[in-house]
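**Student:** Sequence first, predicted model second:
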Amino acid sequence: MGIFDLFTKKNDQAEAAKRKAPSPRELARLDRLVSDKLAQNYDRQDAIATLGEMANAEGARALLRRFDFSMQPTITDQEEKESALEGIVAAGEQALEPIQAYCARAESITWALRALRRIVPQERVVEEHLHLLDQFDTDYMRNPEPKIQLIAVLEEFREDSVRKAVEPFVMDTNESVRFHAVGTLFAMENPESAQVLTEALIEEESLRVKNRIAGGLSQRQWEIPASLHEALRAALPSEFSLQGSKIVRH
C-alpha cells in the first residue's frame, strides 16, 4: 500500500467517525426529521441512514421515534421502519436502555420488541421481556396497548417465570389486558394457575373474560381449590357448572 493509499484510508476512517458522531445540534435535527411525518421522504430517510450509522444509544433512541407513526404509501412506511430497525439492531446492547424507555411510553411496541429479539442472546430473551413487563402495573393506563402486546408476545415462552409475572394482570383494570393475560396463562399449560384464574373469574364482570377462563379451565380439567367452590358456582356463566372439583361445559 502506498503513502497515498494510507492517507486515503485515514481520511475515509475520519469521515466515517465524523458521520457516526454528529454534533448535539445535528443530532437534534436528525431526531426531529425522523419523528416528522410531514418531512420530505428523502430527508427523513437520510436521517434514518445517518442515525443508523452511529450504532449507539443516541442513534437508537432517535430511530425508535420512527415507530410512532404510520404513513402512506405503506411500502415507504414499511421500508423506513425496516431501516430504522436495522439501525437500532446495529447499536447492539447499547440500544436496550432506549428500548426499555421507549416501551414505557409508546403507543405501540411491536417494532421495539422485534429489535429487542434480534439484539439479545436467545437465553436472555425471556428475561428482557419480563424486565419490560416490570415497568407496568395493573392500574389504569390511558393506552393499554403496549401492555397487551407484551403479554401476548409472552404466550410463546412456557416458563414459570412468565406465568408468575403475568398472573397479576388477570386483575388489571383494563378488560382487554385481562383477556390477553388469561390467554397467556393458559398457553403456559400450568395447572398451578388454576387458583388465580378461578379467583379472577369470581371477581370478573366481563362475560367475555368469564367465558375465556371457564372455557380454558373446563378444557384442561384443572382442579379447582375446594375453598373457592361456593363462590365459583355463583359466578360461572350459564353454560358451565362445577362437578366435583372441575368445571364442565353443558
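**Tutor:** Looks like it arrived, so ask away.

**Student:** helix or strand for Asp137, which one?
**Tutor:** Here Asp137 sits in a region with no helix or strand, counting by DSSP states H and E.

**Student:** Roughly how far does the residue nearest to it when sequence neighbours are not counted sit from His129?
**Tutor:** Take Asp137 and drop its neighbours on the chain: the residue closest to it by CB to CB, 6 or more residues apart in numbering is Pro168, 8.0 Å away. Any C-beta I mention is one placed from the backbone N, CA and C, and that applies to glycine too. Distance of Pro168 to His129, computed by CB to CB, to the nearest Å: 16 Å.

**Student:** thinking again about what came up before, would you confirm that the residue nearest to Asp137 contacts Thr138?
**Tutor:** Yes. Taking contacts as CB atoms under 8 Å, Pro168 lies within contact range of Thr138: 5.7 Å.

**Student:** on contacts alone, who are the packing partners of the strand or helix carrying Val182?
**Tutor:** Here Val182 sits within helix 175-188, counting by DSSP H and E. Here helix 175-188 touches helix 145-153, helix 160-166, helix 194-203, helix 207-220, going by 3 or more CB pairs under 8 Å, 6 or more residues apart in numbering; DSSP states H and E.

**Student:** Excluding its own residues, what touches the longest one? List them.
**Tutor:** Counting contacts by CB atoms under 8 Å, 6 or more residues apart in numbering, the residues outside helix 207-220 that touch it are 175, 178-179, 182-183, 186, 189, 191, 194, 197-198, 200-201, 204, 224, 235-237, 240, 246-249.

**Student:** And for the shortest one?
**Tutor:** Where contact means CB under 8 Å, 6+ apart, the residues beyond helix 160-166 that reach it are 126, 130, 133-134, 151, 154, 181, 184-185, 188, 190, 192-193.

**Student:** Filter these down to the buried ones.
**Tutor:** Those of the contacts of helix 160-166 that meet the buried threshold are Val126, Leu130, Leu133, Ile151, Leu154, Ala181, Thr184, Leu185, Met188, Asn190, Ser193, by 16 or more other CB atoms under 10 Å.

**Student:** Does the first one touch Val153 like I think?
**Tutor:** I take that to be Val126. No. With contact defined as CB under 8 Å, Val126 does not count as touching Val153 (10.5 Å).

**Student:** Relative to Glu86, how far out is Pro121?
**Tutor:** From Pro121 across to Glu86, the span is 19 Å (CB to CB).

**Student:** now do Gly92
**Tutor:** Distance of Gly92 to Glu86, computed by CB to CB: 12 Å.
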